[in-house]
Every structure is written in C-alpha cells, then in structure tokens.
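Asker: coords below, sequence missing:
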Ligand SMILES: Cc1cc2nc3c(=O)[nH]c(=O)nc-3n(C[C@H](O)[C@H](O)[C@H](O)COP(=O)(O)OP(=O)(O)OC[C@H]3O[C@@H](n4cnc5c(N)ncnc54)[C@H](O)[C@@H]3O)c2cc1C
C-alpha cells in the first residue's frame, strides 16, 4: 500500500480511525508478560500485530519510505497514537527495537543495514535489542571490555553483556565492543550488528525480584562477524552509541517519534495511584485525593515538558543532551507513582490478587521495580551529570582516564 505524501493529518487520522475500528481488537488490560514464566506468545502476537499494521499501511509512520516506512512527520504519528488508544497494538516492539535500535541504524547504519533490518522490523519479521552494559558496570559505558579483533575480512567477538532487555525475543543486537586498546577509551570502540543466533553466543535469562525474566546476559566466545556487521566506522562506535543513548533517553522519557501507541515500555503498566485508590476504595478520602493531586501535577508537568523539550531538540534550540531532562523526569514520575501506590494501598499492598491490574497486590509488584526507572537508559545520577555539565555549563566530573590509552587505564579485577 502506497502512502499519499500529500494526505493531510486529518485525512490520515480519519482513515486510521476507520481502519482501526475495522481491523484491530480492543486491548484487554491484563497483567504483563513480566510475571509469567514463558511469554513467547506475547512476542508472537506483537509480530503478528506489526504485520497487520504493515499490511494496513500504518507501520513505521516516521521511517523513510525507502526503508519500508511511510515517510510522514511526527504529527501523523501523534494522530495515529491518539486514535489507536484502547486497541491492541504491538507495544512490545516500541522500545528498544523501533525507538532506539531502528532509530540509531537510520542515522548511522549502512544502506544495506537500513534496508534490511529496518525494513524487516517494520514488516514485523525481526526485532532488535541493545547489547551495551557489561557485568563490570553500565554507567561508564565507554570503559567496556568486550573486545572485537580483526580476523581475515571479518571480526571475532569475545566478552560478556548484561541487562539486555528482551534480547531472548530479538533477532539482532547492537553491540558495542573495544577494537583498539591503544586509543583513549571513547575512541577505541566499534558498534556491531550481531545476529543473536550466531555460533559462540550463549544467552541466559535473568530472573528479577518481581518474577520477570525480561533481562538477559550474553557471553561471546569467538563469535565471528562479517565486516558488513560494523555500524558506522571502525573506531567510531562512540558516535553511534551516543545517538543510541540519545534515542534511549528520548524513548524512555516519552519524546520519541518512533513510538506507536500510548505505552512505551513493554506491557508493564503498573497501576497508577488513582487505580490503586479505586481498588482499595480510598478515592473519596481527602488525604488520598491530595496525594493524587500531587501525582496529577507531576504527570502534567512531565507531559508538557516532553512536548516542549522534544520540540526544541527537533528545532535545534536545545542540544540532544536535553533528552536527559526527559529521562530524569520519567524516573521522578515512576518513583512518585510507585511510592504513592504503596502508601495508598497500605497493608493491602501485600495481599489480594497480584495478577490482575487494579487490585491491591499489583501495586506491591509494581513497587519492586521502582528503581528500574532510575537505572534503565542510564542512571538518574548520570542524567544529572549530563544536565549539569552539558546544559548548565558546570565543571566536568574528574576523569583520570581521559586521553589515556585504554590499555594503561587502571581497572578493577
Ligand atoms: C529497566 C532497565 C532496562 C535496561 N535495559 C538495558 C538494555 O537493553 N541493554 C543494556 O545494555 N543495558 C540495559 N540496562 C542496564 C542499564 O543501562 C544500566 O543499569 C545502567 O547504565 C547503570 O549501570 P549499572 O547497573 O552497571 O550501575 P553502575 O554503573 O555500576 O552504577 C551503580 C550506581 O553508581 C552510580 N554512579 C555510577 N557512576 C557514577 C558517576 N560518575 N556519578 C554519580 N553516580 C554514579 C549510578 O548512578 C548507580 O546508582 C537496563 C537497566 C534497566 C534497569
């Protein structure tokens, strides 16, 4: 189906409204895959839904037509998201596959990578994930020690990654590795596009405190990669990673044009404080209403900041590092939501049916992931550092390894 480039936003919106009503089922609010052992059916369903969107001409709205998208502006995506509220959508594919990985490839990938990987993602055939953090630590990303060495006309990858969201369901991973140990830490890195079924790659799922197994760890033992798997230039992986981090902060903060549908992060929509208040019958309590007012004020500020900051970054009046403000606020909203949920539910937080949205026990499960929001996409402390150094012009953090060949940098055991 070919998109008419001159179709107005309102005509597109009306067409989307009719198509959604005729094609997609209404969303059933049920608990996320997070709490179940095997959620492969959720991913299969997401791929199916993505194919349906593609066949209906509503997939990859902001991706260029040459890579399988519709080549339309953000206002069209916004209209589709508004109209699609309440319908079942492939939300699992938004982050990291579309909003982070495909967005990064679009800016930094080769023509072949863009045509093949972005095209396949939009058609619902493939999913991508991020392989950045390592067991030795994630905040100092440029200090990573997974290595890729040249071998014939390709590369050999060795090392380990961790905290890779939904890697078990993905086909490809964007993997940052060290390719030059004599260069300073930011300059000796290269980004690779790694097939997750490559021989020598072992993947384990990590069980979290809330029962979810959405994170994975990967071990690379002599994984062979063709030269065509390099994203960007050899030795310039930091440029690619920086764009990836920008897209991650925008996606996590709620400001990405590549997110289709209202909820951006998996289906783990833990109960908002007002849902908890209704579930425990406290929505008439004056004190609880005051707490809910506090939450409403912060979420309103969050929403308006997302629009203002994303618009300013697109217009070039704020630097890309401003996405850290969205990332920071996202964590603040998540913390307040989890804290109020716990407070409003009271002792009921540990009882009741934890598996059904809107019931008391569910707030307790949500609380267990409270800290996740201030770590994923780079920690809150790192976001504050970026805001202070790159936006407010405050002095840079002391870095004894700056400009030092990585081989000579002192590291832990
Ligand atoms: C929900 C979620 C999803 C994630 N998804 C992915 C993924 O898909 N792929 C992936 O590669 N990784 C992923 N991660 C990992 C994430 O990127 C890391 O958790 C994050 O970068 C922090 O790294 P770390 O956990 O190793 O903590 P560390 O880097 O060990 O930091 C520990 C603590 O020290 C603080 N700290 C560290 N350095 C400084 C500093 N210079 N100044 C002040 N404080 C500092 C940190 O803020 C943190 O509180 C995810 C994490 C979460 C929670």
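Answerer: On my side now, so go ahead. Quantities reported herein were computed from a predicted structural model and do not represent experimental measurements. Residues are numbered from 1 along each chain as shown.
Asker: give me the neighbour count for residue 135.
Answerer: The criterion is other CB atoms under 10 Å. On that basis, residue 135 has 14 neighbouring residues. Using the backbone N, CA and C atoms, a C-beta is placed for each residue, glycine as well.
Asker: and residue 269, what pLDDT?
Answerer: The score at residue 269 is 55. That number is its pLDDT.
Asker: same question for residue 204.
Answerer: Per-residue confidence for residue 204 comes out at a pLDDT of 97.
Asker: which residues touch residue 47?
Answerer: Residue 47 sits next to 90, 93, 124-125, 127 when contact means CB atoms under 8 Å, 6 or more residues apart in numbering.
Asker: so which strand or helix has residue 63?
Answerer: When elements are assigned from DSSP states H and E, residue 63 belongs to no helix and no strand.
Asker: how close does it get to residue 197?
Answerer: 25 Å (CB to CB, to the nearest Å).
Asker: okay, these two: which has more neighbours?
Answerer: Neighbour totals were compared for residue 63 and residue 197, and residue 63 leads with 24 against 9 (other CB under 10 Å).
Asker: ok, the more buried one - contacts?
Answerer: With CB under 8 Å, 6+ apart, residue 63 has these contacts: 69-71, 102, 106, 118, 122, 258.
Asker: which of the residues you listed has the most neighbours?
Answerer: Counting by other CB under 10 Å, top hit in these: residue 102 with 28 neighbours.
Asker: I figured that one hits residue 116, correct?
Answerer: No - between residue 102 and residue 116 there is no contact under CB atoms under 8 Å: 11.6 Å.
Asker: need the max-distance pair from the contacts of residue 47.
Answerer: Between any two of those, the greatest separation by CB to CB is 12.3 Å, found for 90 and 125.
Asker: who touches residue 181 in this structure?
Answerer: For residue 181, the contacting residues are 147, 188, 405-407, by CB under 8 Å, 6+ apart.
Asker: name the nearest of those residues relative to the ligand.
Answerer: Checking the contacts of residue 181 against the ligand with CB to the nearest ligand atom, the nearest one is residue 147 at 16.5 Å.
Asker: going by neighbour count, which residues of stretch 60-69 are buried?
Answerer: Neighbour-count burial for stretch 60-69, counted by 16 or more other CB atoms under 10 Å, picks out 60-63, 67-69.
Asker: could you do stretch 119-131 as well?
Answerer: Burial within stretch 119-131, assessed by neighbour count using 16+ other CB under 10 Å, is assigned to 119-124, 126-131.
Asker: for those, give me TSV that also has secondary structure, pLDDT and distance to the ligand.
Answerer: Formatted as TSV, the buried residues of stretch 119-131 follow (DSSP: H, G, I helix; E, B strand; the rest coil; pLDDT from 0 to 100; distance: CB to the nearest ligand atom, whole Å):
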residue	secondary structure	pLDDT	distance to the ligand
119	helix	98	22
120	helix	98	19
121	helix	98	16
122	helix	98	20
123	coil	98	23
124	coil	98	20
126	coil	98	16
127	coil	98	12
128	strand	98	10
129	strand	98	6
130	strand	98	4
131	strand	98	6
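Asker: please report phi then psi for the residue in the stretch 101-250 of the chain positioned nearest to the ligand.
Answerer: Using CB to the nearest ligand atom, the single residue of the stretch 101-250 of the chain nearest to the ligand is residue 138, 2.5 Å away. Residue 138 adopts backbone torsions of phi -110, psi -30, taken as degrees, to the nearest 10.
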